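# Need a 3D model of the sequence below.
(one chain, ligands or ions: 1)
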Amino acid sequence: MTTRTLLVEDVGKHFQGVAALTDVSLDVRPGEVLGLVGPNGAGKTTLVNVISGYMPPASGRVRLGEEVLTGLRMESVARRGVARTYQHLRLIDEMSVLDNVLVGRHQLFRVKPWRIGARRRDARAQEQACRELLARLELDAVADLPVESLSYGMRRRVEIARTLAMEPEVLLLDEPTAGMTRTDAHEIGELVRRTSREGIAVLLIEHNVGLVTAVCDRIAVLDWGKVVRIGTPDEVWSDPAVRAAYLGAETSDAAEDPAEVQP
Ligand SMILES: Nc1ncnc2c1ncn2[C@@H]1O[C@H](COP(=O)(O)OP(=O)(O)OP(=O)(O)O)[C@@H](O)[C@H]1O
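All right, here's what the predicted structure looks like:
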């Protein structure tokens, strides 16, 4: 697999005159997990929205290696190798796990799901690829079950599987452990680590400081739409500016034991 670095360069974004992002620059390198943290309203989801083509930036640009992504629609960004999940699950509940993952796969190959019948040979190859992916994510036992029959934690896993079916170079995860039990969150942490070891660059928005510390190679801290600090977990958490940004809303998360998740 070719591996390119995702580059965010001086990105700005505002809503009705309110700055959500101001001159944000960072990179996500192949094989690394970059955590994106910050208090509520810091601009984390807005940044993922801009990177994924969900909304254009007001200034700056996003590149995958030399390829400029700014200005492309979401589907085009995804086909070029940058795939994302959402804070709120976007699965089709009544469809099977396998079919949900096939939908992700079809976005990659531009084959419309309703044309599968006309392309049986290709469909078989795609199904095989998706079953292999589900086995890698330990979801093979539930491949043929409807998504609605699964636990919340398992559905979150399926959402990640659906995104990985697009064979991304960069994976953007927007709070993949939101609302999860500790055990499920731990398993997602392991899955994120394994994914990065395959060479994929992962940007992880995560409120659980313990999980971020255990899973990420580097962490970028946003506050009021600006990057306060980027560095290793040790560098970041020992920075007084980061501590200041975190005083208040995040203190309960920050109090969790960083050793609780150790993939
Ligand atoms: N579509 C929108 N229209 C208007 N304002 C928006 C929009 N999206 C985000 N904002 C504002 O931009 C700022 C950044 O929001 P964003 O959702 O990116 O923060 P966040 O760090 O992801 O927060 P959280 O941790 O709560 O999800 C906030 O002030 C928010 O109210």
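# can you list the residues of the chain near the ligand?
By the rule Cβ under 6 Å from any ligand atom, the part of the chain lying against the ligand is 15, 20, 38, 40-46. Bear in mind the C-beta positions are built from the backbone N, C-alpha and C, glycine included.
# The strand or helix carrying Leu7: partners in the sheet, and parallel or antiparallel?
With elements taken from DSSP states H and E, the one containing Leu7 is strand 6-15. Strand 6-15 has the following sheet partners, assigned by DSSP bridges: strand 18-28 (antiparallel), strand 59-64 (antiparallel).
# Could you export these as a markdown table, including mean pLDDT and distance to Val8?
Output for the strands paired with strand 6-15, formatted as a markdown table (pLDDT from 0 to 100; distance: least, Cβ to Cβ, whole Å):
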| stretch | mean pLDDT | distance to Val8 |
| --- | --- | --- |
| strand 18-28 | 97 | 5 |
| strand 59-64 | 97 | 6 |
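# Make CSV from those and add distance to Cys216 and mean neighbour count to it.
Formatted as CSV, the strands paired with strand 6-15 follow (distance: least, Cβ to Cβ, whole Å; neighbours: other Cβ atoms under 10 Å):
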stretch, distance to Cys216, mean neighbour count
strand 18-28, 11, 19
strand 59-64, 20, 18
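# okay if I get those strands as JSON lines plus distance to Glu190?
Formatted as JSON lines, the strands paired with strand 6-15 follow (distance: least, Cβ to Cβ, whole Å):
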{"stretch": "strand 18-28", "distance to Glu190": "20"}
{"stretch": "strand 59-64", "distance to Glu190": "26"}
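# re earlier: alpha carbons only: can I get the strand holding Leu7 in CSV?
Provided in CSV are the C-alpha atoms of strand 6-15 (Å, rounded to 0.1, in the frame of the first residue of the first chain):
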residue,chain,number,x,y,z
LEU,A,6,-2.0,13.9,5.7
LEU,A,7,-1.1,17.6,5.9
VAL,A,8,-3.4,20.3,7.3
GLU,A,9,-1.9,23.7,6.4
ASP,A,10,-3.1,26.9,8.1
VAL,A,11,-6.7,25.9,8.0
GLY,A,12,-9.3,28.5,9.1
LYS,A,13,-13.1,28.1,9.4
HIS,A,14,-15.7,30.4,10.9
PHE,A,15,-19.5,30.2,11.4
